[in-house]
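K.L.:
Need coordinates for the below:
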Amino acid sequence: MSKIIINSELSFVSAVGELRADFIEHKHLTLGWKAGVDRSVQVNRLWGAMYKRLHQFGLFTSFNDARSYCKLYIAVPILMRDCEDFKLGWYEHFAHVTNERLLEYMGPNKLFGPNGFPVTSLFSRKQGTEYTKSIADHAYFVENNVSF
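P.N.:
Purely as a prediction, here's the structure:
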């Protein structure tokens, strides 16, 4: 399955070319599309830069460790607070799992693929904003050696 983002005349022409080539090869296509922008590439880049910065502080051994930590300890609580179904499912399937294993699930793994367990992809815009602020707050406290 392909995902094509069309945001210019050039990408539109390219998409039509890809569709034509796939149709010629397979003689059958199933299409769907949505107008507007999904969670933006800019948000993903921002979060990536934030994970990288946390790694650069020396708190995490890698970018993926920083991302896994943020997903597990910041994103999961946001979803558990806001979505009763997510909360019930989390307790049913993950309550018995160690934190070490949960961190593995949040990063690239065989079970959930290269992006890990889908947490931030379930966010509303409001939740994404809260997540971004929470990561920034965490980074600020670390960078300025603020402790409680």
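
K.L.:
Leaving out sequence neighbours, find the closest residue to the most centrally placed residue in the chain.
P.N.:
Centroid-nearest residue in the chain, with Cα atoms, centre = their mean: Thr120, separated by 4.4 Å. Nearest residue to Thr120 in three dimensions, chain neighbours excluded: Ala75, at 5.4 Å (Cβ to Cβ, 6 or more residues apart in numbering). In this view, the C-beta of every residue, glycine as well, is placed from N, C-alpha and C.

K.L.:
That neighbour and Trp90: what is the separation?
P.N.:
Noted for Ala75: a distance of 12 Å to Trp90, by Cβ to Cβ, to the nearest Å.

K.L.:
which of the two has more neighbours?
P.N.:
Applying other Cβ atoms under 10 Å to Ala75 and Trp90 shows that Ala75 carries more neighbours, namely 25 against 18.

K.L.:
okay but the more buried one is in contact with Pro118, surely?
P.N.:
No. When contacts are counted by Cβ atoms under 8 Å, Ala75 is not listed as touching Pro118 (10.1 Å).

K.L.:
How about residues contacting the lowest-mean-pLDDT helix or strand in the chain?
P.N.:
Within the chain, no helix or strand scores below helix 125-143, which has a mean of 87 by mean pLDDT, DSSP states H and E. Contact with helix 125-143 is made by 39, 43, 46-47, 50-51, 53-54, 57, 59, 70, 74-75, 78-79, 82, 120, 123, 146-147, as judged by Cβ atoms under 8 Å, 6 or more residues apart in numbering.

K.L.:
Please point out which parts of it sit buried.
P.N.:
Within helix 125-143, the residues that count as buried by 16 or more other Cβ atoms under 10 Å are 127-128, 130-132, 134-135, 138-139.

K.L.:
Next: stretch 56-63.
P.N.:
For stretch 56-63, the neighbour count (16+ other Cβ under 10 Å) marks 60, 63 as buried.

K.L.:
Mind checking the pLDDT average for that stretch?
P.N.:
In this model, stretch 56-63 has a mean pLDDT of 89.

K.L.:
Test for you: state the pLDDT assigned to Lys71.
P.N.:
97.

K.L.:
that's a helix at the residue nearest to Thr120, yeah?
P.N.:
Yes. Counting by DSSP: H, G, I helix; E, B strand; the rest coil, Ala75 is found in a helix.

K.L.:
Cool, thanks, signing off.
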